[in-house]
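# here you go, sequence then predicted model.
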Amino acid sequence: MTRQQISCHLSAIDAALAAPGDAGRVLRLRASEEFWEADPADAPVAAGEFAAEREALDGLLSARWGPPGVLDLTPHLERSAMGLPVPPPLADLAALTGTVHVWAVGECRVATGVGRAAEFLPYELVVAVWPDGDAGPPRPRQGGHSSVNAAARSRPYSSASVVGFQ
């Protein structure tokens with residue numbers, strides 16, 4: 001990523017944090033070309049490029065807010081496929097990728113993800129910002145835990161902390 005891209009990405013995230021909206025928003029930071037007529041070898045190259053860009057962005061966000069948690073979006077995709085409601089922006093994220101990295105930032109959540117909605121569609125680097133509350137995964141519990149799953153529950157947004165979220 002160039003300095004200009006980094007600056008643009010961080011500015012977009014900061015602007016979304018300042019006004020996340022009631023349902024939050026998904027920011028499409030970058031998209032590849034479509035793969036309808038591309039060389040079959042181009043897709044894995046693009047996937048690697050986008051994963052590296054996300055990793056670089058995650059590093060910058062982690063320097064600001066600490067390490068992210070990982071949120072498994074599979075249950076949300078399954079609910080959506082069954083026609084059940086999925087709160088925004090989780091529905092949009094689940095249609096694009098299986099997992100996102102999530103930070104709790106003040107009264108909001110920030111998530112980064114890379115994926116594509118279908119085989120021949122473009123890869124996308126996205127950031128979602130939404131207000132903390134009933135629409136998002138529960139906040140990680142603070143303090144000591146006595147059960148076997150304590151380590152999993154203490155990690156923000158691990159799949160263990162999301163099970164049963166509706």
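Great, that's in hand. Numbering: from 1, shown residues only.

# what are the ranges of the helices in this structure?
For the chain, the helices defined by DSSP state H cover 3-18, 42-65, 74-81, 90-96, 150-154, 159-162.

# hey, which of the ones you listed is tucked in deepest?
Greatest average neighbour count among the helices of the chain goes to helix 90-96 (a mean of 22), per mean count of other CB atoms under 10 Å. Where C-beta positions appear, they are placed from N, C-alpha and C, glycine not excepted.

# now it - C-alpha only, CSV.
Provided in CSV are the C-alpha atoms of helix 90-96 (Å, rounded to 0.1, in the frame of the first residue of the first chain):
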residue,chain,number,x,y,z
LEU,A,90,-23.2,-8.5,9.2
ALA,A,91,-25.4,-9.6,6.3
ASP,A,92,-23.3,-7.7,3.8
LEU,A,93,-20.0,-9.0,5.3
ALA,A,94,-21.3,-12.6,5.4
ALA,A,95,-22.1,-12.4,1.7
LEU,A,96,-18.5,-11.5,0.9
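
# which residues are in contact with that helix?
Residues outside helix 90-96 that contact it (CB atoms under 8 Å, 6 or more residues apart in numbering) are 26, 73-74, 76-77, 80, 86, 100, 111, 113, 115-117, 124, 126, 128, 136.

# rerun that using 7 Å as the cut-off
26, 73, 76-77, 80, 86, 100, 111, 113, 115-117, 124, 126, 128 (CB atoms under 7 Å, 6 or more residues apart in numbering).

# related to what we said a few turns ago, mind putting the helices of the chain into a markdown table with mean pLDDT?
Listed next are the helices of the chain as a markdown table, based on pLDDT from 0 to 100:
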| stretch | mean pLDDT |
| --- | --- |
| helix 3-18 | 91 |
| helix 42-65 | 95 |
| helix 74-81 | 93 |
| helix 90-96 | 94 |
| helix 150-154 | 31 |
| helix 159-162 | 31 |
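
# I'd like these laid out as a markdown table, including distance to Phe35.
Listed next are these as a markdown table, based on distance: least, CB to CB, whole Å:
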| stretch | distance to Phe35 |
| --- | --- |
| helix 3-18 | 22 |
| helix 42-65 | 5 |
| helix 74-81 | 21 |
| helix 90-96 | 15 |
| helix 150-154 | 36 |
| helix 159-162 | 30 |
